[in-house]
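A.B. asks: Predicted coordinates and the sequence they were generated for:
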Amino acid sequence: MQSPIQRWTILSVIGLFFFMVIVDGSIVAIAIPAIARDLSITTGATTLIISSYLITICATLLLFGQLGDQFGRSRVFKWGTLVFLFGSFLAGLGGYLVVVLLGRLVQGIGASMTMANSYALVTDTFPPEQLGRAFGIEGIFISLGALAGPGLGGLILVQLPWNYIFWVNLPLGLLCLLAELVIFPKNKSQHSGRIDWLGALILALAASTLYVATTQVSYWWLMLLLTMGLSYVFWRIERRVTLPLLDFKIFRYHLFSQSLLVAFLSFIVSYFFTILAPLYLQLALKYSPGVTGVLLMVTPIVSLVASPLAGYLSDRYDQRLEMLIGMTILVGAQLTLALSTAQYEPTYFIFNSVLIAIGTAVFSTPNNVIVMQAVPNKMRGLAGATNSLVREFGLVLGTTLSTLIFYRLLSFFSHRSVSTALGVARHFCSRLSVALI
């Protein structure tokens, strides 16, 4: 067992890198207009830059969790950091959409390698009596990362080209990698030669077809049926193999399953705000990227205060009651956004951003603790990977559904097929983005 200083240093490094990985899932949102103009593509097409990253993580999380169990979690985490940094450099080269997408694919693989092993690394590092506090602090980094991306992106775009939203990862990522090499524990490999490659392949196919089902209009039902079929095959495979990627027995713990389901739904809804808020501020209200970035930073700034307070309350009071209060605040924020008429801005937007920050902190912090403590110690590695997988699936669905609904309604009100928000009448963007977020 490491010393207290080493334990908290390890947690800080994992949290900082986790923050960076989560930020990269949303930082592209504010740069969508700039990327679309520079690459001469539609704003709808740029959504691929977000979703390709998220779907890659979804497709490979459980595989890298199993590889971490076999070859050492620290080793897989370190290699994942290196792969993520290379993907960030490649994505920032830009020039063509295919280059950016390739970089995002590599980024997603690196992010998956780290995310799949982060929860288990924390469990290996901390004694049981400190796990709740440790997971609460890691939850702070997750919440901040999910909320801070567009705001940080806006601040970067004030002075630098959009490429730097990817290259900004490099200095911090290199520092994290150096720290990992020095302080992370040296795990012993437990390789048994039993990697569930077939299950990993079927899961990747299921994740890909689910994404296509949420983006296709004509044949979405066919892709959805294919997703269901692949999911059934995956379930059959996992029941037979000796070391499955996903041991479905974990879902017998009802508190774990229920908390995971609620978190999944909350992440779907939260990404409606993440994707559409930058479009609303820039295209409907005509704010500059700099002003947009400042307004989008309201939520993460409030989270800096709300998340530690939520963690403090989580250790002392009923965590399920705290989750209920947080979800109630989030629902209230969504209702006030739906009732907005784009007047009294930016005051109205700031007010709702504060509500979202408080609701997210009060909900997600106890939820992460409950998820990880609802299962036996021997299943916490799987619980951590499953928790990350569910979160990323929620983000993917939130991205694709918000984009799909937005452009379909934009086409309906414009009486023509619309795949870009650039040049579309201001009142259409205003009405739809406010209604959806």
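C.D. replies: Alright, I've got the coordinates. Numbering: from 1, shown residues only.
A.B. asks: so how far is L101 from S303?
C.D. replies: Using CB to CB, to the nearest Å, one gets 30 Å for the distance from S303 to L101. The way it works is simple: take the backbone N, C-alpha and C, and place the C-beta from them, glycine included.
A.B. asks: neighbour-wise, which of those two wins?
C.D. replies: Comparing S303 with L101 by other CB atoms under 10 Å, the one with more neighbours is S303, at 25 against 15.
A.B. asks: Hmm, the more buried one is touching F141, no?
C.D. replies: No. The pair S303 and F141 fails to qualify as a contact (CB atoms under 8 Å) at a distance of 10.2 Å.
A.B. asks: so what's T47 up against?
C.D. replies: By CB atoms under 8 Å, 6 or more residues apart in numbering, the contact list for T47 reads I32, I275, T399, T400, T403.
A.B. asks: Try it again at 10 Å.
C.D. replies: V28, A29, I32, T215, I275, T399, T400, S402, T403, L404, F406, Y407 (CB atoms under 10 Å, 6 or more residues apart in numbering).
A.B. asks: Tell me who's in contact with L295.
C.D. replies: For L295, the contacting residues are 150-151, 154, 277-278, 281, 285, 287, 345-346, 349-350, 353, by CB under 10 Å, 6+ apart.
A.B. asks: Can you list the buried residues in the longest helix seen in the chain?
C.D. replies: In the chain, taking DSSP state H as the definition, the longest helix is helix 380-414. Neighbour counts over helix 380-414 (16 or more other CB atoms under 10 Å) mark 380-404, 406-407, 409-410 as buried.
A.B. asks: burial of A120, as a residue count?
C.D. replies: Neighbours of A120 (other CB under 10 Å): 21.
A.B. asks: wait, doesn't it sit right on R380?
C.D. replies: Yes. A120 lies in contact with R380 (CB atoms under 10 Å); the separation is 6.5 Å.
A.B. asks: State the distance from F84 to G15.
C.D. replies: 15 Å.
A.B. asks: Same question for I350.
C.D. replies: 27 Å.
A.B. asks: which secondary structure elements does the host helix or strand of Y232 contact?
C.D. replies: In this structure, Y232 sits in helix 220-240 according to DSSP states H and E. Packing partners of helix 220-240 (3 or more CB pairs under 10 Å, 6 or more residues apart in numbering; DSSP states H and E): helix 197-215.
A.B. asks: quick one: contacts for W197?
C.D. replies: With CB under 10 Å, 6+ apart, W197 has these contacts: L63, Q66, L245.
A.B. asks: wait, what's in contact with the second one?
C.D. replies: Counting by CB under 10 Å, 6+ apart, Q66 makes contact with 76, 116, 194-197, 199-200, 243-246, 381-382, 385.
A.B. asks: cutoff 7 Å now
C.D. replies: Q66 makes contacts with I195, D196, L243, L245, as judged by CB atoms under 7 Å, 6 or more residues apart in numbering.
A.B. asks: I figured the second one was touching D247, is that so?
C.D. replies: If I follow you right, that is D196. No. Using CB atoms under 7 Å, D196 makes no contact with D247, being 10.7 Å away.
A.B. asks: returning to that earlier point: rebuild the contacts of L295 as JSON lines, extending it with pLDDT and secondary structure.
C.D. replies: Formatted as JSON lines, the contacts of L295 follow (pLDDT from 0 to 100; DSSP: H, G, I helix; E, B strand; the rest coil):
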{"residue": "P150", "pLDDT": "70", "secondary structure": "helix"}
{"residue": "G151", "pLDDT": "74", "secondary structure": "helix"}
{"residue": "G154", "pLDDT": "79", "secondary structure": "helix"}
{"residue": "A277", "pLDDT": "84", "secondary structure": "helix"}
{"residue": "P278", "pLDDT": "82", "secondary structure": "helix"}
{"residue": "L281", "pLDDT": "84", "secondary structure": "helix"}
{"residue": "L285", "pLDDT": "80", "secondary structure": "coil"}
{"residue": "Y287", "pLDDT": "85", "secondary structure": "coil"}
{"residue": "E345", "pLDDT": "83", "secondary structure": "coil"}
{"residue": "P346", "pLDDT": "86", "secondary structure": "coil"}
{"residue": "F349", "pLDDT": "90", "secondary structure": "helix"}
{"residue": "I350", "pLDDT": "92", "secondary structure": "helix"}
{"residue": "S353", "pLDDT": "90", "secondary structure": "helix"}
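A.B. asks: Are any of the residues you listed buried, and if so which?
C.D. replies: So, by 16+ other CB under 10 Å, the buried ones in these are P150, G151, G154, A277, P278, L281, L285, Y287, E345, P346, F349, S353.
A.B. asks: Which residue, neighbours along the chain excluded, lies closest to the fifth one?
C.D. replies: Pointing back at P278 there. Once flanking residues are discounted, P278 sits nearest to I30: 4.1 Å by CB to CB, 6 or more residues apart in numbering.
A.B. asks: The closest residue to L85 other than its chain neighbours: neighbour count?
C.D. replies: Excluding the flanking residues, the one nearest L85 by CB to CB, 6+ apart is G173, at 4.5 Å. When counting by other CB under 10 Å, one arrives at 22 neighbours for G173.
A.B. asks: what's the answer for L313, then?
C.D. replies: For L313, using other CB under 10 Å, the count is 19.
A.B. asks: Without its sequence neighbours, what residue ends up closest to it?
C.D. replies: L313 sits nearest to E322 (CB to CB, 6+ apart), 5.9 Å away.
A.B. asks: hang on, isn't that neighbour packed against G311?
C.D. replies: No. Applying CB under 7 Å, one finds E322 not in contact with G311, separated by 10.1 Å.
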